[in-house]
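Peer 1: Sequence and computational prediction follow.
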Amino acid sequence: MTDTTNHPHNALPMGHQLQDYIIQLVLGDGGFGITYLAKDTQLDALVAIKEYLPNELAVRDQEHTVYAKSQKEVDVFNWGLKRFLDEARILAQFKHTNIVRVLRFFSAHNTAYIVMEYEQGQSLTESTQEGQSTTEEELMQLLPPLLDALETVHDAGYLHRDIKPDNIYLREEDNSPVLLDFGAARFEVGRRSCSVTSIVTPGYAPFEQYEGDGSQQGPWTDIYALGAVLYYMIWGIKPVAATKRISATMRGNPDPLRPAIEIGHGHYSESFLCAIDSALAIQQEDRPQNVSAWRDQLFSSSPTPSLSLKSVRTRTSTRTFGNRPHKQGGFKWYYGVAVLLVLVAIGGYGWLNYVEKNEQLGSHSTSITLQATHGQPTYLEQRQQVEAETRRLDAAIQQQYISIAQRDAIEIGKIIWMNESSGNVSGLTSWNKQEYFASMGIGHFIWYPQGQEGPFTETFPDLLIFMQEQGVILPDWLQSIPACPWQTRQTFLNNLQSDKMVSLRTLMKNTVPVQVQFMIRRLELALPKILESLQTKTEQEQVRKQFYRVAQTPKGVYALLDYVHFKGEGTSPTERYQDKGWGLLQVLEQMPSNLTHNATDEFVDAAEFVLKRRIQNSPPARNEERWLAGWKNRLNTYR
């Protein structure tokens, strides 16, 4: 229950006496009511008090009396008030240590109040924002009491209807979870009034909660929501809204929600990930029908997490996987498999007709299949198969390797924003002099006007697509991923206060973590692309070695992440002056091969050399010398 410094205008004033309680401050202000921190004058103890005040239906007058905004809303307001008190009576029956405890409830000011125990601690959302790493072991400690609490609620014939990270509270004393803020009364009021819109939380609410009568809801509805919380905890992003999932499947398109079995593969047990996917099934009949059934799935025994070549995809999570025990064995696993493949290729044709070898190296297990066609393969075909598998393994181990804690991702976002526009909101939509494109967001993602092309890779449309994949709701005019609507810099500047520009800045300001995750995706895709562009194995090995040297520390990860965004991968033939590039590839190539000094310092020195060479080779009319001081300042943030 978090302290908030903002006191809503419609809240009771601080110091106001409400029966035996004195209002201290506002803990939370939602569409359905306000929660206060108050002092019990009889017991000299702090309590939390929830007030029924649906702000789209009711207002408060100067005497603190709450009443419906208009006559047509009186019936709905009164009906909701009754449901609010009914909910209080039901909650008061629960004496479960992981369900918020109701001490009493009463009516006053023409509305109602629920008095609850006040616990020191923070919500799951706040805990995540502070960057706590969430391993499977930690989640397995969190889940049993939550499942037991939820089962208690269901056994009483009741539903929570609003499970989300904000409504799971972690006690300060022992980190045990508490279920807060049941949403049943809010749902009932929402059914009766189209004015109350916040009756579901997109991403955590299954599709049946969007339906009017609630007849399709049951324990499986809360199971979906808790499954969505687990998805958020392993991925760092809430699931795609159920309405978007339904819409896509009805059109015959794939479900836009990436399965947990993919995003967490190799970092969580298969049975645990499958249980999350089971809870998030679109159709309610495909989910576990009660907590007991889901508990069996979650806690069933499973083999050691493995990395399958068939299911590896790019991962963009900012959750921390680096502390997992299997992480350290990554390089041994990779080279061990590579050696196995080479030995197979050289050692005998019979092995290559069908090889499926499960080898436990470190704590990894992997399955490798090489299938020859048209009889006996030639030596060249064998080598091509080996090289193809090696490239896939290269991409797989990189995706496993590049991961940063959420707190580091947020800090990186702040630094990049400072690098690009001094952390100013106005800098989130800009167009530099002598450029022919707009620059958006914390990283100044490039956005070309309609019909305009240039030597630099356009990244803003890809960012918008990524946002949609992650469930971000774009302004209507951006839904189709248009070209930049302003053809010239002057037109752009003339529209800085237009509705479109304001909506852009608002979107960019509110999605800083998502923009960082997009940049991480670019980094994850960079190394395989860079290696593919090199001609010899020696060159590939040298660049790969330097990449992993730099990535050994959070500072190094930041350096790689920022630079690949700042100056690109270095593989585009159009990003050259006099046939010399300035991207990540060129910096890694420029780093010394003796490997004796601090890798991040060597990276910075090499980057400075490459950027100075760019200036020397650039067309004089561009006057790129003026940027060097700023570029050097940016590079120094890597040290």
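Peer 2: Yes, it's here.
Peer 1: and residue 50, how many neighbours does it have?
Peer 2: Neighbours of residue 50 under the rule other C-beta atoms under 10 Å: 26. The way it works is simple: take the backbone N, C-alpha and C, and place the C-beta from them, glycine included.
Peer 1: Now do the SS call for it.
Peer 2: strand (DSSP: H, G, I helix; E, B strand; the rest coil).
Peer 1: What does the pLDDT read for it?
Peer 2: The model reports residue 50 with a pLDDT of 93.
Peer 1: One more: residue 78?
Peer 2: Residue 78 is given a pLDDT of 87.
Peer 1: quick one: contacts for the closest residue to it other than its chain neighbours?
Peer 2: Spatially, and ignoring its direct neighbours in sequence, residue 78 is nearest to residue 68 (7.9 Å; C-beta to C-beta, 6 or more residues apart in numbering). If a contact means C-beta atoms under 8 Å, 6 or more residues apart in numbering, then residue 68 has 57, 58, 74, 76, 77, 78 as its contacts.
Peer 1: wouldn't the fourth one be in contact with residue 57 here?
Peer 2: Yes. Using C-beta atoms under 8 Å, residue 76 makes contact with residue 57 at a distance of 6.1 Å.
Peer 1: Could you pull up phi and psi at the residue nearest to residue 78?
Peer 2: Main-chain dihedrals, residue 68, degrees, to the nearest 10: phi -70, psi 150.
Peer 1: Next one: it from residue 447, what distance?
Peer 2: 47 Å (C-beta to C-beta, to the nearest Å).
Peer 1: Give me the three-state assignment for residue 435.
Peer 2: Taking three-state DSSP, the label given to residue 435 is coil.
Peer 1: was I right about it contacting residue 488?
Peer 2: No. Here residue 435 does not reach residue 488: they are 10.9 Å apart, not a contact under C-beta under 8 Å.
Peer 1: more neighbours, those two?
Peer 2: Higher neighbour count among residue 435 and residue 488: residue 435, with 15 against 12, using other C-beta under 10 Å.
Peer 1: which residues touch the more buried one?
Peer 2: Per C-beta under 8 Å, 6+ apart, neighbours of residue 435: residue 489.
Peer 1: Please shift the residue numbers so they start at 508 in all later answers.
Peer 2: Will do, 508 is the new start, and the previous item becomes residue 942.
Peer 1: What ranges in the stretch 858-1007 of the chain fall below the confidence cut-off?
Peer 2: 858-917 (pLDDT under 70).
Peer 1: Residue 1135 touches residue 1123, doesn't it?
Peer 2: No. The pair residue 1135 / residue 1123 is not scored as a contact, 10.6 Å apart, by C-beta under 8 Å.
Peer 1: most centrally placed residue in this structure?
Peer 2: residue 744 (2.5 Å; C-alpha atoms, centre = their mean).
Peer 1: Tell me where the model's unsure across this protein.
Peer 2: Ranges of the chain meeting pLDDT under 70: 508-514, 538, 636-640, 690-706, 718-721, 808-917, 1101-1104.
Peer 1: And it, what are its domain boundaries?
Peer 2: For the chain, automatic domain parsing gives the domain ranges 508-627, 628-679+707-812, 832-907, 913-1021, 1041-1143.
Peer 1: what separates the longest one from the chain centre, distance-wise?
Peer 2: Same thing as domain 628-679+707-812. From the chain centre to the centre of domain 628-679+707-812 is a distance of 15 Å (C-alpha atoms, centre = their mean, to the nearest Å).
Peer 1: ok, now which ones touch residue 1144?
Peer 2: Residue 1144 neighbours (C-beta under 8 Å, 6+ apart): 922, 926, 1065, 1069.
Peer 1: correction: residue 796
Peer 2: 725, 726, 727.
Peer 1: For PyMOL, write the selection for the buried entries among those.
Peer 2: The following PyMOL line selects those of the contacts of residue 796 that are buried, judged by 16 or more other C-beta atoms under 10 Å:
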select buried, resi 725+726+727
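Peer 1: Narrow the contacts of residue 796 to those in strands?
Peer 2: Under the assignment DSSP state E, these contribute nothing to strands.
Peer 1: In CSV, list the contacts of residue 796 along with distance to residue 1107.
Peer 2: Shown next, in CSV, are these (distance: C-beta to C-beta, whole Å):
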residue, distance to residue 1107
725, 54
726, 51
727, 50
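Peer 1: now, among the contacts of residue 796, which is nearest to residue 1143?
Peer 2: residue 727 (54.1 Å; C-beta to C-beta).
Peer 1: Not counting sequence-adjacent ones, nearest residue to the closest one?
Peer 2: Nearest non-adjacent residue to residue 727, counting by C-beta to C-beta, 6+ apart: residue 794, 4.4 Å away.
Peer 1: Does the one you found touch residue 788 like I think?
Peer 2: Yes. Between residue 794 and residue 788 there is a contact under C-beta under 8 Å: 4.7 Å.
Peer 1: Neighbour count: these two, which is higher?
Peer 2: Per other C-beta under 10 Å, whichever of residue 794 and residue 788 has more neighbours is residue 794, with 23 against 17.
Peer 1: so what's the more buried one up against?
Peer 2: 727, 730, 731, 785, 786, 787, 788, 801 are the contacts of residue 794 under C-beta under 8 Å, 6+ apart.
Peer 1: cool, and residue 517?
Peer 2: 541, 560, 562, 566, 567.
Peer 1: Likewise for residue 530?
Peer 2: Residue 530 neighbours (C-beta under 8 Å, 6+ apart): 519, 520, 521, 522, 523, 524, 543, 544, 545, 556.
Peer 1: my guess is the third one is in a helix, correct?
Peer 2: No. Read with three-state DSSP, residue 521 is coil and lies in no helix.
Peer 1: burial count for it?
Peer 2: 13.
Peer 1: hang on, isn't it packed against residue 531?
Peer 2: Yes. Contact criterion C-beta under 8 Å: residue 521 and residue 531 qualify, at 6.6 Å.
Peer 1: Overlap in contacts, residue 794 and residue 788.
Peer 2: With C-beta under 8 Å, 6+ apart, residue 794 and residue 788 have common neighbours residue 731.
Peer 1: contact partners of stretch 595-611?
Peer 2: 554, 612, 619, 621-624, 652-653, 655-656, 659-660, 663, 665, 676, 683-689.
Peer 1: export it as PDB, just CAs?
Peer 2: Extracted in PDB, the C-alpha atoms of stretch 595-611 (Å, rounded to 0.1, in the frame of the first residue of the first chain):
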ATOM      1  CA  ALA A 595     -17.400  -6.100   2.200                       C
ATOM      2  CA  ARG A 596     -19.500  -8.700   4.000                       C
ATOM      3  CA  ILE A 597     -18.100 -11.500   1.900                       C
ATOM      4  CA  LEU A 598     -14.500 -10.400   2.300                       C
ATOM      5  CA  ALA A 599     -15.000 -10.000   6.100                       C
ATOM      6  CA  GLN A 600     -15.700 -13.800   6.200                       C
ATOM      7  CA  PHE A 601     -12.200 -14.700   4.900                       C
ATOM      8  CA  LYS A 602      -9.600 -15.100   7.600                       C
ATOM      9  CA  HIS A 603      -6.800 -16.100   5.200                       C
ATOM     10  CA  THR A 604      -3.300 -14.700   5.800                       C
ATOM     11  CA  ASN A 605      -2.900 -14.000   2.000                       C
ATOM     12  CA  ILE A 606      -6.200 -12.200   1.500                       C
ATOM     13  CA  VAL A 607      -6.600  -8.600   2.600                       C
ATOM     14  CA  ARG A 608      -8.300  -8.700   6.000                       C
ATOM     15  CA  VAL A 609     -11.500  -6.600   6.400                       C
ATOM     16  CA  LEU A 610     -11.900  -5.200   9.900                       C
ATOM     17  CA  ARG A 611     -15.300  -3.500   9.500                       C
END
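Peer 1: Just the buried positions in it, please.
Peer 2: So stretch 595-611, judged by 16+ other C-beta under 10 Å, has buried residues 595, 597, 598, 599, 601, 603, 605, 606, 607, 609, 610.
Peer 1: hmm, which two among those residues are most spread apart?
Peer 2: 595 and 605 (18.6 Å).
Peer 1: Residue 1031 is in contact with residue 1054, correct?
Peer 2: No. The criterion here is C-beta under 8 Å, and residue 1054 misses it with residue 1031 at 11.5 Å.
Peer 1: Thanks again, I'm all set now.
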